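missing the sequence, but the structure's below:
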Ligand SMILES: O=C(O)CCC(=O)C(=O)O
Ligand SMILES: [Fe+2]
């Protein structure tokens, strides 16, 4: 007799999913064309590149409880190289922690707009924007972005405390506690994943790589002296291998996509959307436009409402939450990993679509190399690559971030070496 217990499938295939009514607004045929040019796409996305099920292949699902470390490293390397995106399950982040962060995240988004104004985006000490706001990439698109974000730099900064204090000054700040706990857990997961990714690229001693990046030696042939390396040098040389890992940055970034009905609701609490915009709301509305993440890795929790899509082989494909693993995370290869891997791993082009009836919340954990680090193709990868030449010039993350905020299209191209 067949067992009544549903066994999780070994890998995700759209065929194994129950039918989902995506109920997405606007319908695909009305959605604006994607204006993003992606350097690795063989063809550009177009309005006719509609949803296509099933995927030509299956997105890897990696079990982080895998006993065999070597095998796990191989699976991650293959997923980064062939997909740029994968799911992780059995990742060790407690379900209740995620649930609590999601619950409080939703509460923050349901604050009245004038409350949210108290935490409008400002540049933090590290130099990037924190706070409530419309997607930064929105300005590059004509369409109305049907989403709002909340960005808070995690440990070792006080970003989470600063923002939650601004939003809820009078309350015992349970928001801070829950989000800081989430940050700490995700930081641990991100570090583990990054170690595995680096091991797959032949870097066994990740602390030593950190030192190389901070001192900026050994990763390229011609740029050994950077202006402000000196104080970093002493900071890093003195730090033990484990504390240098603490210099990596984690940023908690929440995305909220309210239901996006054809008729706008009377009251709209989303920041940055006024009545004029509402009345012009039409076919040119989208959740989050096509982009790659400027991170090394992004760890995304989608909740139960689908909306994430990836661009692969010239088509957009939905990447829904896994029905058998409610607590799975989606991992994106970001632009900085593309640089570190000398282009072997490509950052994944993705977007999110709004939903007609359900609101959607995604928790993105953005994992970045140290702010002070010089990021360049890793020598181990360069020496094993065909041309044995670095494809990217050394860069600092903030330099890339600022450049991309001004020139969205092809930002990474700008940092390519000429050869
Ligand atoms: O909401 C999603 O599924 C995608 C979010 C995302 O791409 C991002 O925060 O960079
Ligand atoms: Fe993203």
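In hand now; what should we look at? Model, not experiment: these values are computed from the prediction. Numbering: from 1, shown residues only. Ligands and ions are numbered 1, 2, ... in the order given.

going forward, measure contacts between C-alpha atoms and count neighbours the same way
Will do.

going on from the host helix or strand of residue 182, what's the next piece of helix or strand?
Per DSSP states H and E, residue 182 falls inside helix 174-200. Counting by DSSP H and E, the next helix or strand C-terminal to helix 174-200 is helix 206-215.

low-confidence bits of the stretch 301-419 of the chain, can you list those?
Across the stretch 301-419 of the chain, the ranges flagged by pLDDT under 70 are 419.

what packs against the helix or strand harbouring residue 363?
In the assignment (DSSP H and E), residue 363 maps to strand 360-368. Contacts defined by 3 or more CA pairs under 8 Å, 6 or more residues apart in numbering; DSSP states H and E place strand 360-368 against helix 95-109, helix 174-200, strand 249-257, strand 297-301.

and the ones you listed as a markdown table, adding mean neighbour count and distance to ligand 1?
Below are these laid out as a markdown table (neighbours: other CA atoms under 10 Å; distance: least, CA to the nearest ligand atom, whole Å):
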| stretch | mean neighbour count | distance to ligand 1 |
| --- | --- | --- |
| helix 95-109 | 17 | 13 |
| helix 174-200 | 20 | 15 |
| strand 249-257 | 24 | 6 |
| strand 297-301 | 24 | 7 |
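
where does this protein have low pLDDT?
Checking the chain against pLDDT under 70 turns up 1-57, 135-145, 170-173, 217-245, 261-285, 419.

need the residues of it near ligand 1, please.
255, 293, 302, 307-308, 351-352, 362, 364 (CA under 6 Å from any ligand atom).

do that again at 8 Å, thanks
149, 253-257, 288, 291-293, 298, 300-302, 306-309, 350-352, 360-364 (CA under 8 Å from any ligand atom).

and the helices in the protein?
Applying DSSP state H to the chain gives helices spanning 69-82, 95-109, 113-116, 159-167, 174-200, 206-215, 229-238, 241-245, 275-279, 335-340, 379-384, 397-406.

tell me the contacts of residue 101?
Contact analysis of residue 101 by CA atoms under 8 Å, 6 or more residues apart in numbering lists 178-179, 182.

that older thread, nearest to residue 124, of the helices of the chain?
For these, the distance to residue 124 is smallest for helix 159-167, at 8.1 Å, taking CA to CA.

thinking again about what came up before, any chance of the contacts of residue 101 in a markdown table, plus distance to residue 101?
What follows is these, written out as a markdown table (distance: CA to CA, whole Å):
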| residue | distance to residue 101 |
| --- | --- |
| 178 | 6 |
| 179 | 6 |
| 182 | 7 |
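
of those, which is the nearest to residue 64?
For the contacts of residue 101, the nearest to residue 64 is residue 182 (18.3 Å; CA to CA).

does the closest one touch residue 96 like I think?
No - between residue 182 and residue 96 there is no contact under CA atoms under 8 Å: 10.1 Å.

so what's the residue of the stretch 51-200 of the chain found nearest ligand 1 closest to, chain neighbours aside?
Of the stretch 51-200 of the chain, the residue with the smallest distance to ligand 1, taken as CA to the nearest ligand atom, is residue 149 at 7.9 Å. Distance criterion CA to CA, 6 or more residues apart in numbering; nearest residue to residue 149, sequence neighbours excluded, is residue 255 at 4.5 Å.

that neighbour contacts residue 146, correct?
No - at 10.3 Å, residue 255 and residue 146 do not qualify as touching, with contact defined as CA under 8 Å.

who does the residue in the chain positioned nearest to ligand 1 form a beta bridge with?
Residue nearest to ligand 1 within the chain: residue 308 (4.2 Å; CA to the nearest ligand atom). Beta-bridge pairing for residue 308 (DSSP bridges): residue 352.

got the helices of the chain as JSON lines, with distance to residue 153 columns?
Listed next are the helices of the chain as JSON lines, based on distance: least, CA to CA, whole Å:
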{"stretch": "helix 69-82", "distance to residue 153": "25"}
{"stretch": "helix 95-109", "distance to residue 153": "15"}
{"stretch": "helix 113-116", "distance to residue 153": "17"}
{"stretch": "helix 159-167", "distance to residue 153": "5"}
{"stretch": "helix 174-200", "distance to residue 153": "9"}
{"stretch": "helix 206-215", "distance to residue 153": "20"}
{"stretch": "helix 229-238", "distance to residue 153": "21"}
{"stretch": "helix 241-245", "distance to residue 153": "16"}
{"stretch": "helix 275-279", "distance to residue 153": "30"}
{"stretch": "helix 335-340", "distance to residue 153": "18"}
{"stretch": "helix 379-384", "distance to residue 153": "30"}
{"stretch": "helix 397-406", "distance to residue 153": "14"}
